[in-house]
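J.: okay, sequence plus prediction incoming.
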Amino acid sequence: MQFLKSSCIRKTFSATYRTISNKVPEVRIYEVGPRDGLQNESKFVPTDIKIELIHKLAAAGINNIESASFVSPKWVKQMSDGAEVMNNLKRSPGVNYPVLIPNLKGYEAAKKCNIEEIAIFPAGSEGFSQKNLNCSVEEGLKRFKVVADQAVQDGIRVRGYVSCVLGCPYDGSISPKAIAKITEELFAMGCYEVSLGDTIGVGTAGSVRRLMQEVLAVTTPDKLALHFHDTYGQGLSNLVAGLEFGIKTVDSSISGLGGCPYARGASGNLATEDLVYFLYGLGVNTNVDLVQLVEAGRYISNFLAKPTESKVNRALGDRFKNHQDIIKMAACTI
Ligand SMILES: CC(C)(COP(=O)([O-])OP(=O)([O-])OC[C@H]1O[C@@H](n2cnc3c(N)ncnc32)[C@H](O)[C@@H]1OP(=O)([O-])[O-])[C@@H](O)C(=O)NCCC(=O)NCCSC(=O)C[C@@](C)(O)CC(=O)[O-]
(Lines give C-alpha, C1' and ligand atoms only; values in the text may rest on other atoms or scores of the structure.)
Protein backbone atom coordinates (compact mmCIF):
# COMPACT_ATOMS: atom_id res chain seq x y z
CA MET A 1 0.00 0.00 0.00
CA GLN A 2 2.77 2.35 1.05
CA PHE A 3 4.64 1.40 -2.12
CA LEU A 4 1.61 2.15 -4.31
CA LYS A 5 1.16 5.47 -2.61
CA SER A 6 4.75 6.53 -3.14
CA SER A 7 4.91 5.22 -6.72
CA CYS A 8 1.73 7.19 -7.46
CA ILE A 9 3.25 10.34 -6.00
CA ARG A 10 6.41 9.67 -7.97
CA LYS A 11 4.43 9.40 -11.23
CA THR A 12 2.68 12.68 -10.54
CA PHE A 13 6.02 14.39 -9.86
CA SER A 14 7.56 12.83 -12.96
CA ALA A 15 4.71 14.07 -15.14
CA THR A 16 5.11 17.60 -13.76
CA TYR A 17 8.87 17.48 -14.25
CA ARG A 18 8.47 16.23 -17.80
CA THR A 19 6.10 19.10 -18.56
CA ILE A 20 8.66 21.54 -17.24
CA SER A 21 11.63 19.90 -18.91
CA ASN A 22 9.79 19.78 -22.24
CA LYS A 23 9.54 23.55 -21.99
CA VAL A 24 13.13 23.91 -20.78
CA PRO A 25 15.42 21.79 -22.93
CA GLU A 26 18.48 23.53 -21.58
CA VAL A 27 19.30 25.88 -18.75
CA ARG A 28 22.14 28.37 -18.64
CA ILE A 29 23.77 28.56 -15.22
CA TYR A 30 25.16 31.94 -14.17
CA GLU A 31 27.48 31.38 -11.22
CA VAL A 32 27.73 34.25 -8.73
CA GLY A 33 29.81 32.59 -6.00
CA PRO A 34 33.09 34.49 -6.46
CA ARG A 35 31.17 37.79 -6.26
CA ASP A 36 27.81 37.52 -4.44
CA GLY A 37 29.06 34.43 -2.60
CA LEU A 38 32.15 36.04 -1.14
CA GLN A 39 31.21 39.72 -0.81
CA ASN A 40 29.54 39.18 2.55
CA GLU A 41 32.42 37.24 4.11
CA SER A 42 33.93 39.20 6.98
CA LYS A 43 37.39 37.63 6.74
CA PHE A 44 39.24 38.82 3.64
CA VAL A 45 39.59 35.99 1.13
CA PRO A 46 43.03 36.28 -0.52
CA THR A 47 43.11 36.95 -4.25
CA ASP A 48 44.77 33.63 -5.10
CA ILE A 49 41.97 31.70 -3.34
CA LYS A 50 39.32 33.66 -5.27
CA ILE A 51 41.15 32.92 -8.52
CA GLU A 52 41.57 29.23 -7.73
CA LEU A 53 37.84 28.99 -6.99
CA ILE A 54 37.03 30.56 -10.37
CA HIS A 55 39.42 28.11 -12.10
CA LYS A 56 37.76 25.17 -10.36
CA LEU A 57 34.29 26.36 -11.39
CA ALA A 58 35.40 26.71 -15.01
CA ALA A 59 37.02 23.26 -14.89
CA ALA A 60 33.72 21.82 -13.65
CA GLY A 61 32.02 23.16 -16.78
CA ILE A 62 30.44 26.41 -15.56
CA ASN A 63 30.42 28.84 -18.49
CA ASN A 64 29.30 32.07 -16.81
CA ILE A 65 31.17 33.07 -13.67
CA GLU A 66 30.60 36.50 -12.12
CA SER A 67 34.13 36.91 -10.89
CA ALA A 68 34.52 40.24 -9.11
CA SER A 69 33.00 43.62 -8.43
CA PHE A 70 34.41 47.10 -8.90
CA VAL A 71 32.42 48.79 -6.15
CA SER A 72 33.81 51.25 -3.64
CA PRO A 73 36.27 49.47 -1.29
CA LYS A 74 34.90 51.76 1.42
CA TRP A 75 31.60 49.96 0.98
CA VAL A 76 32.67 46.36 0.32
CA LYS A 77 36.28 45.71 1.31
CA GLN A 78 36.06 42.03 0.39
CA MET A 79 35.78 42.96 -3.30
CA SER A 80 38.60 45.50 -3.28
CA ASP A 81 40.92 43.22 -5.31
CA GLY A 82 38.68 43.08 -8.41
CA ALA A 83 41.45 44.27 -10.73
CA GLU A 84 43.97 41.73 -9.36
CA VAL A 85 41.43 38.94 -9.77
CA MET A 86 40.61 39.87 -13.35
CA ASN A 87 44.22 40.49 -14.37
CA ASN A 88 45.56 37.21 -12.98
CA LEU A 89 42.75 34.90 -13.97
CA LYS A 90 43.57 32.27 -16.61
CA ARG A 91 40.50 32.73 -18.80
CA SER A 92 39.21 29.55 -20.42
CA PRO A 93 37.92 29.84 -23.97
CA GLY A 94 34.12 29.93 -24.10
CA VAL A 95 33.78 31.04 -20.47
CA ASN A 96 32.19 34.39 -19.67
CA TYR A 97 33.65 36.30 -16.67
CA PRO A 98 31.30 39.25 -15.95
CA VAL A 99 31.94 41.80 -13.19
CA LEU A 100 29.59 43.95 -11.08
CA ILE A 101 29.80 47.72 -11.68
CA PRO A 102 28.18 50.49 -9.58
CA ASN A 103 29.31 53.62 -11.45
CA LEU A 104 31.55 55.05 -14.13
CA LYS A 105 34.58 54.95 -11.84
CA GLY A 106 34.16 51.20 -11.40
CA TYR A 107 33.52 50.78 -15.10
CA GLU A 108 36.74 52.57 -16.12
CA ALA A 109 38.76 50.43 -13.70
CA ALA A 110 37.16 47.22 -14.98
CA LYS A 111 37.67 48.18 -18.62
CA LYS A 112 41.43 48.28 -18.07
CA CYS A 113 41.18 44.59 -17.14
CA ASN A 114 39.81 43.60 -20.57
CA ILE A 115 36.39 42.62 -19.36
CA GLU A 116 33.78 41.50 -21.87
CA GLU A 117 30.64 41.80 -19.76
CA ILE A 118 29.46 43.95 -16.87
CA ALA A 119 26.45 43.75 -14.57
CA ILE A 120 24.64 46.83 -13.31
CA PHE A 121 22.30 46.58 -10.32
CA PRO A 122 19.54 49.08 -9.58
CA ALA A 123 17.31 48.25 -6.64
CA GLY A 124 13.62 47.42 -6.85
CA SER A 125 12.90 49.39 -3.67
CA GLU A 126 13.76 52.83 -2.29
CA GLY A 127 14.93 51.54 1.09
CA PHE A 128 17.42 49.09 -0.37
CA SER A 129 18.60 51.57 -3.01
CA GLN A 130 19.52 54.05 -0.28
CA LYS A 131 21.35 51.44 1.80
CA ASN A 132 23.14 49.70 -1.08
CA LEU A 133 23.87 52.55 -3.50
CA ASN A 134 23.43 55.65 -1.35
CA CYS A 135 20.83 57.11 -3.74
CA SER A 136 17.20 56.80 -4.82
CA VAL A 137 16.01 54.23 -7.35
CA GLU A 138 15.60 56.98 -9.95
CA GLU A 139 19.07 58.40 -9.36
CA GLY A 140 20.52 54.86 -9.45
CA LEU A 141 18.89 54.23 -12.83
CA LYS A 142 20.36 57.51 -14.15
CA ARG A 143 23.86 56.52 -13.00
CA PHE A 144 23.55 53.04 -14.44
CA LYS A 145 22.38 54.48 -17.76
CA VAL A 146 25.63 56.46 -18.00
CA VAL A 147 27.58 53.23 -17.39
CA ALA A 148 25.47 51.20 -19.83
CA ASP A 149 25.76 53.85 -22.58
CA GLN A 150 29.53 53.78 -22.28
CA ALA A 151 29.70 49.98 -22.25
CA VAL A 152 27.42 49.66 -25.28
CA GLN A 153 29.61 52.20 -27.10
CA ASP A 154 32.70 50.15 -26.14
CA GLY A 155 31.12 46.89 -27.32
CA ILE A 156 30.94 45.43 -23.81
CA ARG A 157 27.87 43.34 -22.97
CA VAL A 158 25.62 44.66 -20.20
CA ARG A 159 23.54 42.53 -17.86
CA GLY A 160 21.07 44.11 -15.46
CA TYR A 161 20.00 43.02 -12.00
CA VAL A 162 16.94 44.24 -10.19
CA SER A 163 17.28 43.51 -6.50
CA CYS A 164 14.61 43.00 -3.83
CA VAL A 165 12.05 41.95 -6.46
CA LEU A 166 10.02 39.87 -3.99
CA GLY A 167 10.50 41.88 -0.84
CA CYS A 168 12.74 44.48 0.74
CA PRO A 169 14.25 44.35 4.24
CA TYR A 170 13.42 48.07 4.67
CA ASP A 171 10.22 48.66 2.64
CA GLY A 172 8.50 45.28 2.95
CA SER A 173 6.43 44.04 0.01
CA ILE A 174 7.19 45.29 -3.48
CA SER A 175 4.82 45.87 -6.36
CA PRO A 176 5.52 43.52 -9.31
CA LYS A 177 4.50 46.39 -11.61
CA ALA A 178 7.35 48.53 -10.24
CA ILE A 179 9.81 45.69 -10.94
CA ALA A 180 8.45 45.30 -14.48
CA LYS A 181 9.01 49.03 -15.06
CA ILE A 182 12.65 48.91 -13.89
CA THR A 183 13.20 45.77 -16.00
CA GLU A 184 11.88 47.64 -19.04
CA GLU A 185 14.23 50.56 -18.33
CA LEU A 186 17.21 48.20 -18.11
CA PHE A 187 16.40 46.74 -21.52
CA ALA A 188 16.02 50.26 -22.92
CA MET A 189 19.59 50.95 -21.66
CA GLY A 190 20.87 48.03 -23.76
CA CYS A 191 20.96 45.14 -21.27
CA TYR A 192 20.89 41.80 -23.08
CA GLU A 193 19.41 40.11 -20.01
CA VAL A 194 17.84 41.11 -16.70
CA SER A 195 18.24 39.01 -13.58
CA LEU A 196 15.41 39.30 -11.07
CA GLY A 197 16.91 39.08 -7.59
CA ASP A 198 15.12 37.87 -4.50
CA THR A 199 17.87 39.48 -2.46
CA ILE A 200 16.59 38.40 0.96
CA GLY A 201 15.04 35.11 -0.12
CA VAL A 202 11.50 35.79 1.07
CA GLY A 203 9.78 34.76 -2.17
CA THR A 204 7.51 31.77 -2.65
CA ALA A 205 6.31 29.99 -5.79
CA GLY A 206 3.13 32.09 -5.54
CA SER A 207 4.95 35.43 -5.43
CA VAL A 208 7.27 34.30 -8.25
CA ARG A 209 4.22 33.56 -10.42
CA ARG A 210 2.73 37.00 -9.74
CA LEU A 211 6.04 38.63 -10.58
CA MET A 212 6.52 36.64 -13.78
CA GLN A 213 3.04 37.58 -14.99
CA GLU A 214 3.87 41.29 -14.69
CA VAL A 215 7.43 41.15 -15.98
CA LEU A 216 6.50 38.99 -18.96
CA ALA A 217 4.17 41.77 -20.06
CA VAL A 218 7.31 43.80 -20.91
CA THR A 219 9.74 41.13 -22.16
CA THR A 220 10.18 37.48 -23.10
CA PRO A 221 11.42 34.65 -20.80
CA ASP A 222 14.62 34.05 -22.80
CA LYS A 223 15.80 37.54 -21.74
CA LEU A 224 15.28 36.99 -18.03
CA ALA A 225 17.28 35.24 -15.34
CA LEU A 226 16.21 34.32 -11.83
CA HIS A 227 18.42 34.94 -8.81
CA PHE A 228 17.15 33.36 -5.62
CA HIS A 229 18.63 33.61 -2.17
CA ASP A 230 17.59 30.56 -0.18
CA THR A 231 16.88 32.11 3.22
CA TYR A 232 13.54 30.33 3.69
CA GLY A 233 14.51 27.19 1.73
CA GLN A 234 12.29 28.19 -1.22
CA GLY A 235 15.00 28.49 -3.85
CA LEU A 236 14.25 25.35 -5.85
CA SER A 237 10.46 25.57 -5.62
CA ASN A 238 10.69 29.22 -6.70
CA LEU A 239 12.78 28.06 -9.61
CA VAL A 240 10.13 25.50 -10.66
CA ALA A 241 7.63 28.36 -10.73
CA GLY A 242 10.01 30.33 -12.98
CA LEU A 243 10.74 27.37 -15.28
CA GLU A 244 7.01 26.98 -15.86
CA PHE A 245 7.15 30.42 -17.48
CA GLY A 246 10.00 29.37 -19.77
CA ILE A 247 12.95 30.91 -17.91
CA LYS A 248 16.25 29.57 -19.23
CA THR A 249 18.92 31.30 -17.14
CA VAL A 250 19.40 30.70 -13.43
CA ASP A 251 21.85 32.39 -11.05
CA SER A 252 23.35 30.29 -8.28
CA SER A 253 26.31 30.26 -5.97
CA ILE A 254 28.79 27.50 -5.22
CA SER A 255 28.22 25.91 -1.84
CA GLY A 256 25.19 28.18 -1.30
CA LEU A 257 27.45 31.09 -0.32
CA GLY A 258 26.12 34.60 -0.54
CA GLY A 259 24.39 37.59 0.86
CA CYS A 260 24.58 41.33 0.65
CA PRO A 261 26.12 43.37 3.46
CA TYR A 262 23.42 46.01 2.95
CA ALA A 263 20.42 43.66 2.93
CA ARG A 264 19.56 42.78 6.50
CA GLY A 265 18.60 39.10 6.72
CA ALA A 266 20.00 38.11 3.32
CA SER A 267 21.48 34.63 3.37
CA GLY A 268 23.19 32.49 0.75
CA ASN A 269 22.06 31.98 -2.82
CA LEU A 270 20.56 28.84 -4.24
CA ALA A 271 23.54 26.44 -4.22
CA THR A 272 24.97 25.55 -7.63
CA GLU A 273 25.44 21.90 -6.62
CA ASP A 274 21.72 21.69 -5.67
CA LEU A 275 20.71 23.38 -8.91
CA VAL A 276 22.79 21.06 -11.10
CA TYR A 277 21.52 17.94 -9.31
CA PHE A 278 17.94 19.21 -9.66
CA LEU A 279 18.42 19.89 -13.38
CA TYR A 280 19.90 16.45 -14.01
CA GLY A 281 16.81 15.08 -12.30
CA LEU A 282 14.70 16.90 -14.89
CA GLY A 283 16.80 15.44 -17.68
CA VAL A 284 18.22 18.88 -18.44
CA ASN A 285 21.83 18.53 -19.51
CA THR A 286 23.97 21.24 -17.99
CA ASN A 287 27.36 19.85 -19.11
CA VAL A 288 28.55 20.49 -15.57
CA ASP A 289 30.54 17.76 -13.85
CA LEU A 290 28.97 17.38 -10.41
CA VAL A 291 31.99 15.64 -8.92
CA GLN A 292 34.25 18.56 -9.83
CA LEU A 293 31.59 21.04 -8.76
CA VAL A 294 31.27 19.41 -5.35
CA GLU A 295 35.07 19.57 -5.10
CA ALA A 296 34.98 23.32 -5.85
CA GLY A 297 32.32 23.77 -3.14
CA ARG A 298 34.45 21.92 -0.62
CA TYR A 299 37.52 23.88 -1.58
CA ILE A 300 35.90 27.22 -0.68
CA SER A 301 33.96 25.91 2.34
CA ASN A 302 37.15 24.42 3.76
CA PHE A 303 38.96 27.69 3.24
CA LEU A 304 36.17 29.62 4.98
CA ALA A 305 36.11 26.95 7.70
CA LYS A 306 32.37 26.59 7.55
CA PRO A 307 30.04 23.79 6.51
CA THR A 308 28.65 23.90 3.00
CA GLU A 309 25.11 25.26 2.62
CA SER A 310 24.55 22.88 -0.30
CA LYS A 311 22.43 19.89 0.73
CA VAL A 312 23.62 17.99 -2.35
CA ASN A 313 27.25 18.62 -1.49
CA ARG A 314 26.62 17.41 2.07
CA ALA A 315 24.56 14.39 1.03
CA LEU A 316 26.93 13.14 -1.64
CA GLY A 317 29.71 13.00 0.90
CA ASP A 318 32.36 10.76 -0.56
CA ARG A 319 29.85 8.23 -1.83
CA PHE A 320 30.25 9.05 -5.50
CA LYS A 321 33.50 9.44 -7.32
CA ASN A 322 31.89 9.10 -10.73
CA HIS A 323 29.81 11.82 -12.33
CA GLN A 324 27.76 9.34 -14.40
CA ASP A 325 26.64 7.52 -11.24
CA ILE A 326 25.36 10.77 -9.74
CA ILE A 327 23.48 11.62 -12.92
CA LYS A 328 21.88 8.18 -12.91
CA MET A 329 20.80 8.68 -9.32
CA ALA A 330 19.49 12.22 -9.94
CA ALA A 331 17.60 11.07 -13.02
CA CYS A 332 16.10 7.91 -11.49
CA THR A 333 12.75 9.60 -10.78
CA ILE A 334 12.13 10.48 -14.43
C1 LIG B 1 27.68 53.26 -5.41
C2 LIG B 1 28.62 53.69 -4.34
C3 LIG B 1 30.03 53.79 -4.88
C4 LIG B 1 28.17 55.04 -3.84
O5 LIG B 1 28.87 55.38 -2.65
P6 LIG B 1 29.08 56.91 -2.21
O7 LIG B 1 29.80 56.85 -0.90
O8 LIG B 1 27.80 57.63 -2.28
O9 LIG B 1 30.00 57.38 -3.43
P10 LIG B 1 31.10 58.46 -3.59
O11 LIG B 1 31.11 58.76 -5.04
O12 LIG B 1 30.90 59.57 -2.60
O13 LIG B 1 32.43 57.67 -3.23
C14 LIG B 1 32.86 57.39 -1.92
C15 LIG B 1 34.30 56.93 -1.99
O16 LIG B 1 34.38 55.68 -2.71
C17 LIG B 1 35.16 55.87 -3.89
N18 LIG B 1 34.52 55.12 -4.97
C19 LIG B 1 33.30 55.34 -5.48
N20 LIG B 1 33.04 54.45 -6.42
C21 LIG B 1 34.13 53.65 -6.53
C22 LIG B 1 34.44 52.53 -7.33
N23 LIG B 1 33.56 52.05 -8.22
N24 LIG B 1 35.63 51.94 -7.18
C25 LIG B 1 36.52 52.42 -6.26
N26 LIG B 1 36.27 53.48 -5.45
C27 LIG B 1 35.08 54.07 -5.60
C28 LIG B 1 35.20 57.34 -4.15
O29 LIG B 1 36.32 57.71 -4.90
C30 LIG B 1 35.20 57.91 -2.75
O31 LIG B 1 36.50 57.76 -2.21
P32 LIG B 1 37.16 59.00 -1.37
O33 LIG B 1 37.10 60.17 -2.26
O34 LIG B 1 36.27 59.14 -0.14
O35 LIG B 1 38.53 58.48 -1.04
C36 LIG B 1 28.59 52.71 -3.13
O37 LIG B 1 27.34 52.78 -2.55
C38 LIG B 1 28.87 51.28 -3.52
O39 LIG B 1 29.97 50.92 -3.91
N40 LIG B 1 27.86 50.42 -3.41
C41 LIG B 1 27.95 49.00 -3.76
C42 LIG B 1 27.49 48.15 -2.62
C43 LIG B 1 27.61 46.70 -3.01
O44 LIG B 1 28.55 46.26 -3.65
N45 LIG B 1 26.61 45.88 -2.60
C46 LIG B 1 26.59 44.46 -2.91
C47 LIG B 1 26.25 44.20 -4.34
S48 LIG B 1 24.50 44.33 -4.72
C49 LIG B 1 23.89 42.79 -4.42
O50 LIG B 1 24.55 41.98 -3.85
C51 LIG B 1 22.53 42.44 -4.94
C52 LIG B 1 22.60 41.55 -6.18
C53 LIG B 1 23.19 42.30 -7.36
O54 LIG B 1 23.44 40.41 -5.95
C55 LIG B 1 21.20 41.07 -6.57
C56 LIG B 1 20.51 40.26 -5.49
O57 LIG B 1 21.15 39.56 -4.67
O58 LIG B 1 19.28 40.26 -5.52
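T.: The structure has been received and is ready for your questions.

J.: how about residue 299: what's its closest non-neighbour residue?
T.: Of all residues not flanking residue 299 in the chain, residue 56 sits nearest, at 5.9 Å (Cβ to Cβ, 6 or more residues apart in numbering). Using the backbone N, CA and C atoms, a C-beta is placed for each residue, glycine as well.

J.: number of residues surrounding whichever residue of the stretch 101-250 of the chain sits closest to the ligand?
T.: Closest approach between the stretch 101-250 of the chain and the ligand, counting by Cβ to the nearest ligand atom: residue 197, at 2.2 Å. By the criterion of other Cβ atoms under 10 Å, residue 197 has 30 neighbours.

J.: pretty sure it belongs to a strand, no?
T.: Yes: according to DSSP: H, G, I helix; E, B strand; the rest coil, residue 197 belongs to a strand.

J.: how far away from the center of its chain is the helix or strand containing residue 292?
T.: In the assignment (DSSP states H and E), residue 292 maps to helix 290-304. Relative to the centre of its chain, helix 290-304 is centred 17 Å away, using Cα atoms, centre = their mean, to the nearest Å.

J.: that helix packs against which elements?
T.: Secondary-structure packing of helix 290-304 (3 or more Cβ pairs under 8 Å, 6 or more residues apart in numbering; DSSP states H and E): helix 47-59, helix 272-281, helix 311-316, helix 323-331.

J.: quick one on the thing from earlier: distance check, the residue nearest to residue 299 against residue 272.
T.: Computed as Cβ to Cβ, to the nearest Å, the residue 56 to residue 272 distance reads 11 Å.

J.: same check on residue 26?
T.: Between residue 26 and residue 272 the distance, using Cβ to Cβ, works out to 16 Å.

J.: and for the helix holding residue 292, what's in contact with it?
T.: 33, 37, 41, 43, 45, 49, 52-53, 56-57, 59-62, 254-255, 257, 271-273, 276-277, 280, 307-308, 310, 312-313, 316, 320-323, 326-327 (Cβ atoms under 8 Å, 6 or more residues apart in numbering).

J.: which members of the residues you listed are classed as buried?
T.: 33, 37, 41, 45, 49, 53, 56-57, 60-62, 254-255, 257, 271-273, 276-277, 280, 308, 310, 312-313, 316, 320, 323, 326-327 (16 or more other Cβ atoms under 10 Å).

J.: average pLDDT across stretch 32-49?
T.: On average, the pLDDT along stretch 32-49 is 97.

J.: pLDDT value on the residue of the stretch 101-250 of the chain closest to the ligand, please?
T.: Looking at residue 197, its pLDDT stands at 98.

J.: where does this structure have low pLDDT?
T.: 1-25, 321, 331-334 (pLDDT under 70).

J.: hang on, isn't residue 71 packed against residue 81?
T.: No: assessed by Cβ atoms under 8 Å, residue 71 is found out of contact with residue 81, at 12.0 Å.

J.: the two - which one has more neighbours?
T.: Comparing residue 71 with residue 81 by other Cβ under 10 Å, the one with more neighbours is residue 71, at 24 against 20.

J.: do you know how far the more buried one is from residue 100?
T.: From residue 71 to residue 100 the distance is 7 Å (Cβ to Cβ).

J.: mind listing the shared neighbours of the two?
T.: Taking Cβ under 8 Å, 6+ apart as the criterion, residue 71 and residue 100 both touch residue 79.

J.: from the ligand, how far off is the residue most central in space within the chain?
T.: With distances taken as Cα atoms, centre = their mean, residue 251 lies nearest the centre of the chain, 2.4 Å away. In this view, residue 251 and the ligand are 8 Å apart by Cβ to the nearest ligand atom, to the nearest Å.

J.: over to residue 292?
T.: 25 Å.

J.: what's the burial count for that residue?
T.: 17.

J.: now do the one 10 residues further on
T.: When neighbours are counted by other Cβ under 10 Å, residue 302 registers 12.

J.: quick revisit: in the sheet, who's paired with the residue nearest to the centre of the chain?
T.: Residue 251 has these beta-bridge partners by DSSP bridges: residue 30, residue 227.

J.: who in the stretch 1-150 of the chain is up against the ligand?
T.: Contacts of the stretch 1-150 of the chain with the ligand, taken as Cβ under 6 Å from any ligand atom, map to 36, 39, 69-76, 102-103, 105-106, 121, 132-134.

J.: mark which of these are buried, thanks.
T.: Neighbour counting with 16+ other Cβ under 10 Å marks 36, 39, 69-71, 75-76, 102-103, 106, 121, 132-133 as buried within those.

J.: quick check, nearest of those residues to residue 212?
T.: Distance ranking of these against residue 212, using Cβ to Cβ, places residue 121 first at 20.2 Å.

J.: for that closest one, give me its contacts.
T.: 100, 102, 132, 144, 160-163.

J.: just the buried residues of stretch 207-217, please?
T.: For stretch 207-217, a neighbour-count test (16+ other Cβ under 10 Å) marks 207-208, 211-212, 214-216 as buried.
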